[in-house]
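Asks: Starting from these lines, generate the structure:
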Amino acid sequence: MALLAWAGVFAETAILAQGQGGGASCNGGYRVTGRQASGQSYDPNQANRTVIQITLQAEGNNIRPGCTGVPVTITPQSGAAFSFANGGDQLGFVQINSNLVSEANVTRFALNGNSRRRLVRGEAVTIDLFELNAGQFPAAGEYRGTVLVQVGNALPQAVLLAITVRPAIRFLAEHGAMTRDLSFGEVSAGSVIRTAVFYQTNAAANITIVSQNRGRLVHTVQGPGSAIAYSLTYDGVAVNLASGAQINRPFRGLLARREEMVLEVAPGTNRFAGDYRDVLTLLYTAY
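Replies: Okay, here's the model as predicted:
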């Protein structure tokens, strides 16, 4: 009986805004800088919350207290709704109605009185804007969304918010465990095993295949002196198990992939009875 076990290792944008309004109590308005404070990256394989924040701070000192009455708003540059896009792909997210805003909807955030008072006092105000939907599996790359920050009636200024989605691979558990024992059965007359790997990737993938015994099934009692050679084809590509192999897969979209391995022992004679074994390790890396 020959047994093969394999284990899969699954691997400051500056803005400038001038507030106008509030009459003589805020003559000349004030200037603001803004930058993205968090949420610069998203890993599809992590369950952590990803919150996108913006930090606003007034420039200069001695801003008139009356300027607290000047509205400060954040709107999408597109004029339609907030979005984060990479070409035709978009990230899913929800808006956060934090205790620093008086209004939060698909086209507008409005800072509340407390936030405006803090700005006028010269404090930095960090506001939760969006939370990315947990569990989504978007294509890797940089997703961008530009928001406009406006103080009073001044011209709105742009702040770029960017999120880098990291390359990732997701194996589909419904198709079986990631560690398997594959039996060739009785190999005197040769034997063939076919098995499939199902996975999803959001980028190109590299597959490294390593055989513990360099492409040989070794007798569990007699040791390396008694071995049976076998061959492997991975998704149509012949693999040199004597030296290990790397197979590159280009990114072809987010649909699940099915890739088949075919392992074959040629017929042979003069083999010791008993069990033969090898461990085949497959390492999948998205890049």
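Asks: check contacts around N240.
Replies: G215 (Cβ atoms under 8 Å, 6 or more residues apart in numbering). (C-beta placed from N, C-alpha, C; glycine too.)
Asks: do you know how far it is from G39?
Replies: For N240, the distance to G39 (Cβ to Cβ, to the nearest Å) stands at 44 Å.
Asks: Same check on A196?
Replies: As for A196, its distance to G39 is 37 Å (criterion: Cβ to Cβ).
Asks: got it, and F84?
Replies: In this view, F84 and G39 are 10 Å apart by Cβ to Cβ.
Asks: Kindly list the main-chain dihedrals of the residue in the chain sticking out farthest from the centre?
Replies: Taking Cα atoms, centre = their mean, the residue of the chain most remote from its mean C-alpha position is N270, at 52.5 Å. Main-chain dihedrals, N270, degrees, to the nearest 10: phi 60, psi 40.
Asks: residue boundaries of the helices in the stretch 1-150 of the chain?
Replies: Per DSSP state H, counting those that start in this stretch, the stretch 1-150 of the chain carries helices over the ranges 113-120.
Asks: Please report the distance of R214 from S243.
Replies: Look at R214 and S243: by Cβ to Cβ, they are 8 Å apart.
Asks: which one of those two has more residues nearby?
Replies: R214 (16 against 10; other Cβ atoms under 10 Å).
Asks: hang on, isn't that one packed against A242?
Replies: Yes. Applying Cβ atoms under 8 Å, one finds R214 in contact with A242, separated by 4.8 Å.
Asks: how is this protein carved up into domains?
Replies: Following automatic domain parsing, one finds the domains of the chain at 23-165, 169-286.
Asks: C67 - nearest residue in space that isn't next to it in sequence?
Replies: The spatial neighbour of C67 that comes closest, neighbours along the chain excluded (Cβ to Cβ, 6 or more residues apart in numbering), is C26 at 4.0 Å.
Asks: Just give the number of residues close to the one you found.
Replies: 22.
Asks: so T195 bridges to which residues?
Replies: Beta-bridge partners of T195, counted by DSSP bridges, are M261.
Asks: pretty sure it contacts F184?
Replies: No. T195 is beyond contact range of F184, at 11.7 Å (criterion: Cβ under 8 Å).
Asks: Settle it for me: which of the two has more neighbours?
Replies: Applying other Cβ under 10 Å to T195 and F184 shows that F184 carries more neighbours, namely 20 against 13.
Asks: any idea of the mean pLDDT in the strand or helix carrying the more buried one?
Replies: Assigned by DSSP states H and E, F184 belongs to strand 179-185. Mean per-residue pLDDT for strand 179-185: 77.
Asks: Same drill for A196 and G39, tell me which one is more crowded.
Replies: G39 (22 against 12).
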